[in-house]
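**Q** quick one, fold the following:
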Amino acid sequence: QVQLQESGPGLVKTSQALSLTCTVSSGSYEIKYYYWSWIRQPPGRGLEWIGYMDYSGTTYYSPSLNNRTSVSRDSSKTQFTLQLNSVTPEDTAVYYCAILGSGSSFWGQGTQVTVSS
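**A** The predicted structure is shown next:
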(Lines give C-alpha, C1' and ligand atoms only; values in the text may rest on other atoms or scores of the structure.)
Protein backbone atom coordinates (compact mmCIF):
# COMPACT_ATOMS: atom_id res chain seq x y z
CA GLN A 1 0.00 0.00 0.00
CA VAL A 2 1.91 3.07 1.23
CA GLN A 3 5.51 2.69 2.32
CA LEU A 4 7.72 5.32 3.92
CA GLN A 5 11.47 5.27 4.40
CA GLU A 6 13.52 7.80 6.35
CA SER A 7 17.08 8.66 5.33
CA GLY A 8 19.72 11.00 6.63
CA PRO A 9 22.83 11.20 8.79
CA GLY A 10 22.97 9.05 11.86
CA LEU A 11 25.39 11.38 13.63
CA VAL A 12 25.29 15.17 13.78
CA LYS A 13 27.42 17.59 15.78
CA THR A 14 26.02 20.12 18.22
CA SER A 15 24.95 23.41 16.60
CA GLN A 16 24.70 21.87 13.12
CA ALA A 17 21.49 21.47 11.14
CA LEU A 18 19.87 18.06 10.83
CA SER A 19 18.19 17.21 7.54
CA LEU A 20 16.11 14.06 7.08
CA THR A 21 14.22 12.87 4.03
CA CYS A 22 11.19 10.62 3.87
CA THR A 23 10.67 8.77 0.59
CA VAL A 24 7.07 7.77 -0.06
CA SER A 25 5.93 4.89 -2.25
CA SER A 26 2.18 4.89 -2.62
CA GLY A 27 1.54 2.80 -5.71
CA SER A 28 -2.04 3.35 -6.84
CA TYR A 29 -3.16 4.57 -3.41
CA GLU A 30 -4.15 8.24 -3.49
CA ILE A 31 -2.72 10.27 -0.64
CA LYS A 32 -4.97 13.29 -0.48
CA TYR A 33 -6.38 14.52 2.83
CA TYR A 34 -3.47 13.57 5.03
CA TYR A 35 -0.91 15.16 7.32
CA TRP A 36 2.70 14.62 6.35
CA SER A 37 4.35 14.40 9.75
CA TRP A 38 7.62 14.07 11.61
CA ILE A 39 7.68 12.51 15.06
CA ARG A 40 10.57 11.50 17.29
CA GLN A 41 11.23 9.35 20.32
CA PRO A 42 14.13 10.35 22.58
CA PRO A 43 15.77 7.53 24.53
CA GLY A 44 13.65 6.41 27.46
CA ARG A 45 10.79 8.76 26.55
CA GLY A 46 7.54 8.70 24.62
CA LEU A 47 6.74 9.88 21.14
CA GLU A 48 7.11 13.59 20.54
CA TRP A 49 5.41 15.36 17.67
CA ILE A 50 7.75 17.65 15.71
CA GLY A 51 5.58 19.09 12.98
CA TYR A 52 3.64 18.44 9.83
CA MET A 53 2.53 19.77 6.49
CA ASP A 54 -1.15 19.34 5.77
CA TYR A 55 -2.77 18.52 2.43
CA SER A 56 -2.94 22.21 1.48
CA GLY A 57 0.76 22.75 2.11
CA THR A 58 0.34 24.61 5.40
CA THR A 59 2.87 23.72 8.06
CA TYR A 60 2.51 23.40 11.82
CA TYR A 61 5.36 22.96 14.29
CA SER A 62 5.71 22.05 17.92
CA PRO A 63 6.33 25.23 19.92
CA SER A 64 8.69 23.31 22.18
CA LEU A 65 11.29 23.28 19.40
CA ASN A 66 11.63 27.05 19.49
CA ASN A 67 11.24 27.79 15.77
CA ARG A 68 14.12 25.48 14.78
CA THR A 69 11.99 23.28 12.53
CA SER A 70 11.04 23.27 8.88
CA VAL A 71 9.03 20.68 6.95
CA SER A 72 8.88 20.72 3.17
CA ARG A 73 7.52 18.47 0.45
CA ASP A 74 8.31 18.05 -3.23
CA SER A 75 5.66 18.76 -5.84
CA SER A 76 5.37 15.12 -6.83
CA LYS A 77 4.65 14.18 -3.20
CA THR A 78 7.18 11.38 -3.27
CA GLN A 79 9.49 12.95 -0.71
CA PHE A 80 9.19 15.25 2.26
CA THR A 81 11.92 16.59 4.45
CA LEU A 82 12.61 17.74 7.97
CA GLN A 83 15.21 20.33 8.84
CA LEU A 84 16.05 20.92 12.48
CA ASN A 85 18.51 23.73 13.11
CA SER A 86 20.99 24.29 15.92
CA VAL A 87 20.77 20.76 17.29
CA THR A 88 21.91 19.79 20.78
CA PRO A 89 22.34 16.39 22.43
CA GLU A 90 18.72 16.79 23.60
CA ASP A 91 17.69 16.23 19.97
CA THR A 92 19.09 12.69 20.03
CA ALA A 93 16.19 10.40 19.16
CA VAL A 94 14.68 7.94 16.73
CA TYR A 95 13.01 10.06 14.07
CA TYR A 96 9.91 8.84 12.27
CA CYS A 97 8.10 10.15 9.24
CA ALA A 98 4.40 9.39 9.02
CA ILE A 99 1.44 10.21 6.84
CA LEU A 100 -1.57 10.47 9.09
CA GLY A 101 -5.23 10.57 8.20
CA SER A 102 -8.53 10.19 10.01
CA GLY A 103 -8.97 6.63 8.80
CA SER A 104 -5.48 5.42 7.99
CA SER A 105 -1.91 6.14 8.96
CA PHE A 106 1.40 5.07 7.53
CA TRP A 107 4.75 5.13 9.30
CA GLY A 108 8.37 4.71 8.38
CA GLN A 109 10.51 2.34 10.40
CA GLY A 110 12.41 5.20 12.02
CA THR A 111 16.01 6.33 11.87
CA GLN A 112 18.35 6.88 14.80
CA VAL A 113 19.95 10.32 15.02
CA THR A 114 22.62 11.00 17.61
CA VAL A 115 23.87 14.51 18.33
CA SER A 116 27.41 14.60 19.64
CA SER A 117 28.58 17.32 21.97
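
**Q** what sits opposite the residue nearest the centre of the chain in the beta ladder?
**A** Geometric centre of the chain, nearest residue: residue 38, 2.7 Å, by CA atoms, centre = their mean. Per DSSP bridges, residues listed as beta-bridge partners of residue 38: residue 51, residue 97.

**Q** that one contacts residue 94, correct?
**A** No - using CB atoms under 8 Å as the test, residue 38 is too far from residue 94 to be in contact (11.6 Å). For every residue, glycine as well, the C-beta is placed using N, CA and C.

**Q** and the gap between the residue lying farthest from the centre of the chain and residue 1?
**A** Residue distances from the centre of the chain (CA atoms, centre = their mean) peak at residue 28, which lies 23.1 Å from the mean C-alpha position. To residue 1, residue 28 is 9 Å away according to CB to CB, to the nearest Å.

**Q** residue 44: how many residues sit nearby?
**A** 5 (other CB atoms under 10 Å).

**Q** and it, what's its pLDDT?
**A** pLDDT recorded at residue 44 is 97.

**Q** so it versus residue 92, what's the distance?
**A** Distance from residue 44 to residue 92, by CB to CB: 11 Å.

**Q** just residue 105 next, same as before
**A** 25 Å.

**Q** between those two, who's got more neighbours?
**A** residue 92 (18 against 13).

**Q** right, and the more buried one touches residue 113 too?
**A** Yes - at 6.6 Å, residue 92 counts as touching residue 113 under the criterion of CB under 8 Å.

**Q** phi, psi of residue 90?
**A** phi -70, psi -10 (degrees, to the nearest 10).

**Q** before I go, just wanted to say thanks for your time.
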